[in-house]
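# A structural model of the following input is requested.
(one chain, ligands or ions: 1)
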Amino acid sequence: MNIIKTELLDVYILEPKVLGDSRGWFMESWSKKTMEEVGLNYEFVQDNHSFSAQKGTLRGLHYQKGDAAQAKLVRCAKGAVLDVAVDMREGSPTYKKWIAVELTKENGRQLLIPRGFLHGFLTLTDDVEFLYKADNYYDLNADRNIIWNEKELNINWGIDNPIVSDRDAKAPHLSDSDIYFKY
Ligand SMILES: Cc1cn([C@H]2C[C@H](O)[C@@H](COP(=O)(O)OP(=O)(O)O[C@H]3O[C@@H](C)C(=O)[C@@H](O)[C@H]3O)O2)c(=O)[nH]c1=O
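You can find the predicted model right below:
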């Protein structure tokens, strides 16, 4: 596993080693032990899988508040996405900074996002299958969103009119939200 630091503190790109043979290939997409050897300790408890039919679909920006916060390990198993993480941990040296990373089936890249971040992704192709692990269970009552084009964050999504869910279309601005994470 190639573990690459990003501009955001505690966010890593993971590149699994792909072992090819005449049948195809094999990779370890997650190994708790390998990650612990470099000091990254995560206990994932839920695996998620979503499908987005159309290019230009944006899911985000999402978080679960308080004790329900989730760290995520995300990847794209079919198609391509622009994946965005925003550091919302007050006191963090990278507070309110964001990164956008292309995750595709071909590059096999995964993004490791700790608790205290906003997360969202934009599909760059049709028929996107997105897989991710979370270290805390889904909690409907704690599930929150922030408007994807929040001015204060100034995220360069490269699109003006993405396809979004009704809920994400009506998401609050940061200033109207109850988001609070501490570094
Ligand atoms: C996220 C989630 C949703 N659901 C349900 C709620 C709803 O009926 C349906 C679709 O939910 P959503 O519209 O929230 O799905 P989606 O917009 O794909 O939400 C996801 O977006 C990405 C960006 C993330 O970071 C994830 O953590 C999650 O928030 O699935 C669960 O049952 N369990 C879950 O863990």
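
# confidence score at the residue in the chain sticking out farthest from the centre?
Here the chain reaches farthest from its C-alpha mean at S22, the gap being 32.9 Å by Cα atoms, centre = their mean. Model confidence at S22, given as pLDDT, is 98.

# Quick check: the gap between it and the ligand.
To the ligand, S22 is 37 Å away according to Cβ to the nearest ligand atom, to the nearest Å. In this view, the C-beta of every residue, glycine as well, is placed from N, C-alpha and C.

# Let the chain start at 35 from now.
Yes, from this point I'll number from 35; that puts the last item at S56.

# Ramachandran angles for that residue?
Main-chain torsions, S56, degrees, to the nearest 10: phi -60, psi -20.

# same deal with the one 10 residues further on?
The phi and psi values for K66, taken as degrees, to the nearest 10, are phi -60, psi -40.

# who touches it in this structure?
76-77 (Cβ atoms under 8 Å, 6 or more residues apart in numbering).

# burial measure for the closest residue to the ligand within the chain, as a count.
In the chain, the residue that lies nearest the ligand is Y172 (3.0 Å; Cβ to the nearest ligand atom). Residues lying near Y172 (other Cβ atoms under 10 Å) number 12.

# how about the helices in the chain?
Ranges of helices in the chain, per DSSP state H, are 66-71, 200-203.

# Those into JSON lines, with extra columns for distance to L165 and mean pLDDT?
Below are these laid out as JSON lines (distance: least, Cβ to Cβ, whole Å; pLDDT from 0 to 100):
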{"stretch": "helix 66-71", "distance to L165": "17", "mean pLDDT": "96"}
{"stretch": "helix 200-203", "distance to L165": "20", "mean pLDDT": "98"}
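
# Pick out the residue nearest the middle of this structure.
The chain, centroid-nearest residue using Cα atoms, centre = their mean: H153 at 4.6 Å.

# pLDDT value on that one, please?
99.

# Check Y166 too.
So, for Y166, pLDDT stands at 98.

# What residues does it make contact with?
Y166 neighbours (Cβ under 8 Å, 6+ apart): 81-82, 106-109.

# buried stuff in stretch 153-161?
Residues 153-159 are the ones in stretch 153-161 that count as buried (16 or more other Cβ atoms under 10 Å).

# restrict those residues to contacts with the ligand.
Among these, the residues lying close to the ligand (Cβ under 6 Å from any ligand atom) are 153-155.

# Mind checking which of those residues land in strands?
Using DSSP state E, the subset of these located in strands is 153-155.

# Distance from the chain centre to stretch 148-161, please.
5 Å (Cα atoms, centre = their mean, to the nearest Å).

# Alongside the ligand, which residues does the chain contribute?
So the chain meets the ligand at 82, 84, 93-94, 96, 153-155, 172, 199 (Cβ under 6 Å from any ligand atom).

# try 8 Å
Contacts of the chain with the ligand, taken as Cβ under 8 Å from any ligand atom, map to 80, 82, 84, 93-98, 104, 106, 108, 153-155, 164, 166, 168, 171-172, 174, 177, 179, 199, 201-202.
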